[in-house]
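In: What follows is a predicted protein model with its sequence.
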Amino acid sequence: MASIRKLLGSRFWIACYTDVTGKQRQRSTKETDRKKALSRAHEYEAAYRKLKTEQQARRVLSDIYEEIHGSPLGSASTETFLKQWIKRKEAELAPSSYSRYSAVVERFLTHLGEKRLSEISSITTTEITDFRDKTSEATSITSGNMALKVLRTVFTDAMRESLTESNPAKLVPIIKRKNATSQRRAFSLPELKLILEHASDEWKGIILAGLYTGQRMGDIVRLCWNNIDLTRQEIRLSSQKTGRVMILPIAKPLFDWLIAEASQDDPEAPIFLHSYDVIERQNGRVASLSNQFNKILVSAGLAPKRTHASQGKGRSTTREVNALSFHCLRHTATSLLKNAGVSEAVAMDIVGHDSKMISQNYTHIEENTKRKALDSMPDITKG
């Protein structure tokens with residue numbers, strides 16, 4: 001039977017109730033009115049009783065399933081499964097990806113509240129949709145969609161383990177960017193030259209690598225000198241996101257920068273030492289480096305200065321998407337290659353995009369073909 005009590009010196013009543021395991025629990029009602037507090041305590045206990053009813057129904061179904069198939073139906077609470085799932089993912093994901101996945105799991109469990117103790121098969125599309133929407137409102141549409149994709153993977157694995165018969169997250173659509181305040185775009189050649197003028201020497205190298213390889217910031221900053229073959233003028237790298245191993249010809253503007261910097265005797269030394277140290281300290285996350293690049297854009301007059309001052313919009317307001325970011329170099333590389341008449345398959349292979357055209361029609365794109373494609377790109381280091 002639920003009851004309430006009050007701690008000495010506290011304004012709020014404490015609810016005392018029993019959970020599904022028979023354990024006595026206490027939780028603040030955030031109520032100062034005794035009658036309302038008692039009602040809230042009964043609500044807490046009723047919620048646990050509902051969970052118990054769901055678990056009892058699950059046990060009956062499991063008994064029936066075992067009679068038919070000879071083995072019991074799998075069972076796990078949402079919290080138990082998600083915590084086991086994310087622990088397994090630690091060995092499968094890059095540190096930065098694991099950090100993002102872990103954050104999604106923790107936020108989803110918090111969002112579920114007491115429902116996290118129920119069977120994972122009881123999670124509904126409504127609960128997942130609500131989580132997607134609240135994440136999008138609090139952060140960005142991109143974050144909301146990313147969280148949804150993580151949950152789709154979670155429930156796919158739960159189905160594989162026979163813990164649920166369907167994937168409720170797959171029934172929740174991705175949010176389209178119909179009302180986005182701005183869209184990512186490619187840089188123009190004058191903008192690229194302007195950016196180089198305002199960049200430090202290390203950042204010039206990172207920007208040239210971003211443009212002439214089309215790779216992601218994290219993969220570029222992790223490059224060491226043993227990834228570079230100056231004799232063959234090639235870069236060998238492995239994508240942290242896709243695991244794809246690539247050998248890319250080095251375009252002349254990037255090659256000239258590397259030759260000027262190639263005084264390091266240690267082949268395992270990072271090429272971009274300061275930036276490498278930043279992502280190492282931040283477990284592979286590139287947010288700090290993205291902010292540094294944004295400051296370069298600001299100094300070049302290509303982005304408004306960010307302010308931490310309150311604008312009266314509240315924390316639930318979706319962040320505006322900057323039209324320009326480091327990732328735009330990847331779009332720019334693709335655009336410049338296509339504008340030079342390079343086929344889509346070759347352009348996608350250079351930037352490491354896993355397109356159906358490549359997987360279906362090309363088992364190998366010759367190094368000479370990729371070199372000619374990169375040579376067709378304009379040299380942004382020339383005036």
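Out: Right, received. Where do you want to start? Numbering: from 1, shown residues only.
In: shouldn't Lys134 be in contact with Phe108?
Out: No - Lys134 lies out of contact with Phe108 (Cβ atoms under 8 Å); the separation is 10.4 Å. (C-beta placed from N, C-alpha, C; glycine too.)
In: Which one of those two is surrounded by more residues?
Out: Remark: of Lys134 and Phe108, Phe108 carries more neighbours, 22 against 15, as counted by other Cβ atoms under 10 Å.
In: Now do the same for that one: helix, strand or coil?
Out: For Phe108, the secondary structure call by DSSP: H, G, I helix; E, B strand; the rest coil comes out as helix.
In: Just list the residues touching it, thanks.
Out: By Cβ atoms under 8 Å, 6 or more residues apart in numbering, the contact list for Phe108 reads Leu82, Phe131, Ala147, Leu151.
In: And these, which is closest to Thr29?
Out: If you rank those by distance to Thr29 using Cβ to Cβ, Phe131 comes first, at 24.8 Å.
In: okay, now the closest one: neighbour count?
Out: 23.
In: what helix or strand is the closest residue to it other than its chain neighbours on?
Out: Of all residues not flanking Phe131 in the chain, His111 sits nearest, at 4.8 Å (Cβ to Cβ, 6 or more residues apart in numbering). Here His111 sits within helix 95-112, counting by DSSP states H and E.
In: any idea which residue sits dead centre in this structure?
Out: Arg100 (5.0 Å; Cα atoms, centre = their mean).
In: shouldn't it be in contact with Ser143?
Out: No - with contact defined as Cβ under 8 Å, Arg100 does not count as touching Ser143 (9.0 Å).
In: so who does the residue nearest to the centre of the chain touch?
Out: Arg100 sits next to Met146, Val150 when contact means Cβ under 8 Å, 6+ apart.
In: buried sites along stretch 257-269?
Out: Within stretch 257-269, the residues that count as buried by 16 or more other Cβ atoms under 10 Å are Trp257, Leu258.
In: Kindly apply the preceding question to stretch 115-124 instead.
Out: Quick answer for stretch 115-124 (16+ other Cβ under 10 Å): Lys115, Arg116, Leu117, Ser118, Glu119, Ile120, Ser121, Ser122, Ile123.
In: same deal with stretch 9-23?
Out: Of the residues in stretch 9-23, Trp13, Ile14, Ala15, Cys16, Tyr17, Thr18, Asp19, Val20 count as buried by neighbour count, 16+ other Cβ under 10 Å.
In: tell me which residues form a beta bridge with the first one?
Out: For Trp13, the beta-bridge partners are Lys6 (DSSP bridges).
In: Touching, the residue nearest to Phe131 and Asp133? I think so.
Out: No - the criterion here is Cβ under 8 Å, and His111 misses it with Asp133 at 10.7 Å.
In: What does the pLDDT read for Ala300?
Out: Looking at Ala300, its pLDDT stands at 93.
In: what sits against it?
Out: So Ala300 contacts Glu191, Leu194, Ile195, Glu197, His198 (Cβ under 8 Å, 6+ apart).
In: Out of those, flag the one nearest to Asn283.
Out: Nearest to Asn283 among the contacts of Ala300, with distances taken as Cβ to Cβ, is Ile195, at 27.6 Å.
In: mind checking pLDDT for the closest one?
Out: Ile195 is assigned 96 on the pLDDT scale.
In: and the next element down the chain from the helix or strand containing it?
Out: Using DSSP H and E, Ile195 sits in helix 189-197. Using DSSP H and E, the helix or strand that follows helix 189-197 in sequence is helix 201-213.
In: That next one versus helix 189-197: what angle between them?
Out: 150 degrees (axes from the mean of the first three to the mean of the last three Cα atoms, to 10 degrees).
In: counting contacts, what elements does helix 201-213 pack onto?
Out: Helix 201-213 makes packing contacts with helix 189-197, helix 217-221, helix 252-261, helix 273-281, helix 287-299, helix 328-339 when contacts are defined by 3 or more Cβ pairs under 8 Å, 6 or more residues apart in numbering; DSSP states H and E.
In: try 6 Å this time
Out: If you count contacts as 3 or more Cβ pairs under 6 Å, 6 or more residues apart in numbering; DSSP states H and E, helix 201-213 packs onto helix 217-221, helix 252-261, helix 328-339.
In: How about it, which residues are buried there?
Out: Neighbour-count burial for helix 201-213, counted by 16+ other Cβ under 10 Å, picks out Glu202, Trp203, Lys204, Gly205, Ile206, Ile207, Leu208, Ala209, Gly210, Leu211, Tyr212, Thr213.
In: Kindly provide the distance from the fourth one to Leu148.
Out: Here the criterion is Cβ to Cβ, to the nearest Å. By it, Gly205 lies 36 Å from Leu148.
In: residues in contact with Asn167?
Out: Contacts for Asn167 (Cβ atoms under 6 Å, 6 or more residues apart in numbering) come out as Phe155, Thr156, Met159.
In: Is the first one inside a helix or a strand, and which specific one?
Out: Put plainly, it is Phe155. According to DSSP H and E, Phe155 maps onto helix 141-160.
In: Now that helix: buried residues?
Out: Neighbour counts using 16+ other Cβ under 10 Å place 141, 143-148, 150-152, 154-155, 157-159 of helix 141-160 among the buried residues.
In: Equivalent analysis for stretch 271-286, please.
Out: Ile271, Phe272, Ser275, Tyr276, Val278, Ile279, Gly284, Arg285, Val286.
In: With respect to per-residue confidence, which of these is lowest?
Out: Ranked by pLDDT, the buried residues of stretch 271-286 bottom out at Gly284 (80).
In: Report the contact partners of it.
Out: Gly284 touches Pro95, Ser96, counting by Cβ under 6 Å, 6+ apart.
In: Could you measure from it over to Ser143?
Out: With Cβ to Cβ as the criterion, Gly284 and Ser143 are 18 Å apart.
In: can you check Asp219 too?
Out: 22 Å.
In: How about Trp13?
Out: According to Cβ to Cβ, Trp13 stands 37 Å off from Ser143.
In: ok, now Leu151?
Out: For Leu151, the distance to Ser143 equals 13 Å [Cβ to Cβ].
In: Okay then, goodbye and thanks.
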